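1. Provide a 3D model corresponding to the input given below.
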Amino acid sequence: MNEGQSPPPQPPPAPARGKGHAATKKLLLPLGWVARVTASGVTYFYCAATNQRTFVMPTRPATLGLAEAAPVPPLVSLCCRTLATLTAATPTADSAAIAASVPSELADACVGQLLAERLLTDSNAVSVLRAVGRHLRRFRAPHPPGLSLHDATLCNALVYCPSLTEFTLRNNTSISPATLLAVASACPQLRFVDVSECTRVDAACIAGVAAAAPHLLELACVHCMAIEGELTVRSSTLLSLSVCSCLHKLRLACPSLQHLDLTDCWDLEEIEVEAEARPALLYLFRCRKLKGSAVAALVSESLRELNVTECETLSPGLAPALVRCTGLAALVAPRCSSLDDAALTALASAGSATLEILVLNQCNTLTATGAAALRRFAALRSLTLPECAGDDTTATLSASLTAVDASYNRGLTAVGMQALLQLPRLASLTATDCAAISDAVLAAALPTLATLRVLSAARATHLSDDGLRVLAARCASTLVSVDLSRNQHVTDAGVAAITAACPLLHTVVLSYCVLITDAALAAIASGIHAAPKPKPKEGSTPEEEEAARAPLQAMRTVDVYGCELVTAGAVAALAAARVLGSVNCCSRLAAAVRDARHDLHGTRLLSQDTLV
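-> Numbers count the residues shown, from 1 in each chain. Predicted coordinates:
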């Protein structure tokens, strides 16, 4: 070759047999698949045994004269295509060899895809799992469409899966207890079993599965109506028996139990603990016949979350049980008539330093004596007490509170509401249908509103534009969400004041505010399109930096459903703001905007639950 001449072009090198394209990294192709390169440099995979090919390009090039462009399947799809060839009654030797070469890293994905596409059938299940079962860790039958295998096939196939750790088969009406026991015996490494809504699974079956799987960590039997009478479980870390409404007695021998969910076990009366169980999460939602002694057998200093919603028969054993909850972080007890003054006082003596979340909806057995114990929870962050016998004992709440829900508390007075607003760390206040929140209360609490981020004051009969101006003056750098639904006094001027002063607002709810007109929506739209403010000076606080952003650039949701004075033109103009995510309005306005073919720039128009 003369000096200055360029070397002749070299043909693209052909990849070594069995090696994948660069996109497959270190994973090997299944046996029988090879990577080839055409004269024009197009790489593709090809399987001679099944006469299948797939190109490693976003589309097939038209210059090759091939079929219309199609996306390239990932490597797992190649494996699934190969395994799908075993659907024939008598698989070929080549197909079986190909199936046996599926990379171990892809065994779970391949079997999962075959199950999802109902390609794992009685004719090929044994062959497929004989080939890849040694690598299989998860067997998840999707719901829907469910499992397309008979019991005998399932048993014969899973014999080849000794390393299986997860078996999920939900909402199955055919699998028998004997089959499930056979699966547990064939797969001794099982750690997760979910047979929720399997109608034939009974108490003896569950007890047998737990006994046959010594490494079992999670057992889910949600809505298994055949589980009735007495159930014994001897191995599990997480046990879910939700909606097993025919269960009367539960015997536990699970020293490692961490999570017990008995939600909606309406007839459960007794829990017997044979080996000490120290769960961290205990859900007894609507266990309406359960005795307090059963709870006492399960609680300890390890308990972090306890849910006793609508538990009516826990007294008098609940108070002694709560004394042992020295590490409790969350107590959820809506409509729990068993949670009385004695129980709350007992909890305050044990968990005063750890309790962070307390939910007491409609706990009408609590009086001022029990409410006074709330001050002792030094770590309390969130308190929910709608429809409780509220009074001005809220003045003694813990200063650590950041979120309070006092909705529908008709007994809460202006003094109590002012005490709530003066909590030094309050970030969220929900006061739906609470007459105690008013313009005067907000004005009195003006010096201490600087941390408020979320205010929900739906049906606030004494809140008007004056109160919103107070919020605008004090919460300009913090307020992100405000709900003024069904307010009869808020007008366009109040909305304009708060949207002009609070640049971080992302949600404004004005549904059924009868005085709101197009001017309020125009004020929001003008705030979104306003020019950016000057950059903050060096060394400014984070709040000052946030406030220096363009006004309302964080706005995502505006709700004007039921505002009869708002027109379609105003809704369309607001929806055209590119930063908005959704505008909720009545179906009449949504239809008018749609018919006028306005450009909404991606903003969704919501009419109740219908996406327009």
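
2. Contacts only, for residue 211.
-> 234, 235 (C-beta atoms under 8 Å, 6 or more residues apart in numbering). Just so you know, the C-beta spots here come from the backbone N, C-alpha and C atoms, and that holds for glycine as well.

3. Confirm that it lies within a helix, as I assumed.
-> Yes - under DSSP: H, G, I helix; E, B strand; the rest coil, residue 211 sits within a helix.

4. List the buried residues in stretch 111-128.
-> 111, 112, 113, 114, 115, 119, 120, 124, 125, 126, 127, 128 (16 or more other C-beta atoms under 10 Å).

5. mind checking the end-to-end distance for that stretch?
-> 8 Å (C-alpha to C-alpha, to the nearest Å).

6. May I see the buried residues of stretch 111-128 arranged in TSV, with pLDDT and secondary structure as well?
-> Formatted as TSV, those follow (pLDDT from 0 to 100; DSSP: H, G, I helix; E, B strand; the rest coil):
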residue	pLDDT	secondary structure
111	85	helix
112	84	helix
113	80	helix
114	82	helix
115	86	helix
119	79	coil
120	83	coil
124	81	coil
125	87	helix
126	87	helix
127	81	helix
128	83	helix
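
7. Format the residues you listed as TSV; extra columns: distance to residue 374.
-> Listed next are the buried residues of stretch 111-128 as TSV, based on distance: C-beta to C-beta, whole Å:
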residue	distance to residue 374
111	53
112	49
113	53
114	56
115	51
119	59
120	57
124	63
125	59
126	63
127	65
128	60
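
8. Specify which member of the residues you listed is nearest to residue 325.
-> residue 112 (41.1 Å; C-beta to C-beta).

9. Does that closest one touch residue 141 like I think?
-> No - using C-beta atoms under 8 Å, residue 112 makes no contact with residue 141, being 9.4 Å away.

10. Residue ranges in the stretch 451-600 of the chain under the pLDDT threshold?
-> 529-552, 597-599 (pLDDT under 70).

11. now the helices: where do they sit in it?
-> Under the criterion DSSP state H, counting those that start in this stretch, the stretch 451-600 of the chain contains helices at 465-474, 492-501, 518-528, 542-547, 568-575, 587-595.

12. excluding its backbone neighbours, what's nearest residue 214?
-> residue 235 (6.1 Å; C-beta to C-beta, 6 or more residues apart in numbering).

13. any idea how far that neighbour is from residue 271?
-> 17 Å (C-beta to C-beta, to the nearest Å).

14. Also residue 566?
-> Where residue 271 is concerned, residue 566 sits at a distance of 56 Å (C-beta to C-beta).

15. got it, and residue 242?
-> 15 Å.

16. The two - which one has more neighbours?
-> residue 271 (23 against 19; other C-beta atoms under 10 Å).

17. wait, isn't that one in contact with residue 250?
-> Yes - using C-beta under 8 Å, residue 271 is in contact with residue 250, at 4.9 Å.

18. From what I see, residue 108 and residue 115 are in contact.
-> No - with contact defined as C-beta under 8 Å, residue 108 does not reach residue 115; the gap is 10.7 Å.

19. quick one on the thing from earlier: list just the nearest of the buried residues of stretch 111-128 to residue 342.
-> residue 112 (52.4 Å).

20. And for that closest one, nearest residue in space, chain neighbours not counted?
-> Nearest non-adjacent residue to residue 112 (C-beta to C-beta, 6+ apart): residue 140, at 5.9 Å.

21. Which strand residues bridge the one you found?
-> residue 168 (DSSP bridges).

22. Residue 588 versus that one, what's the distance?
-> 46 Å.

23. just residue 487 next, same as before
-> 22 Å.

24. and which of the buried residues of stretch 111-128 is nearest to residue 416?
-> Nearest member of the buried residues of stretch 111-128 to residue 416, counting by C-beta to C-beta, is residue 112, at 55.6 Å.

25. Roughly how far does the closest residue to residue 397 other than its chain neighbours sit from residue 458?
-> Setting aside the residues directly before and after it, residue 397 is nearest to residue 374 in space (C-beta to C-beta, 6+ apart), at 5.7 Å. Counting by C-beta to C-beta, the gap from residue 374 to residue 458 is 25 Å.

26. Please apply the same query to residue 189.
-> With C-beta to C-beta as the criterion, residue 189 and residue 458 are 53 Å apart.

27. Neighbour count for these two, which is higher?
-> More crowded of residue 189 and residue 458, by other C-beta under 10 Å: residue 458, with 20 against 15.

28. what sits against that one?
-> So residue 458 contacts 432, 433, 483, 484, 485, 486, 487, 509 (C-beta under 8 Å, 6+ apart).

29. ditto for residue 470
-> Residue 470 neighbours (C-beta under 8 Å, 6+ apart): 439, 442, 443, 446, 449.
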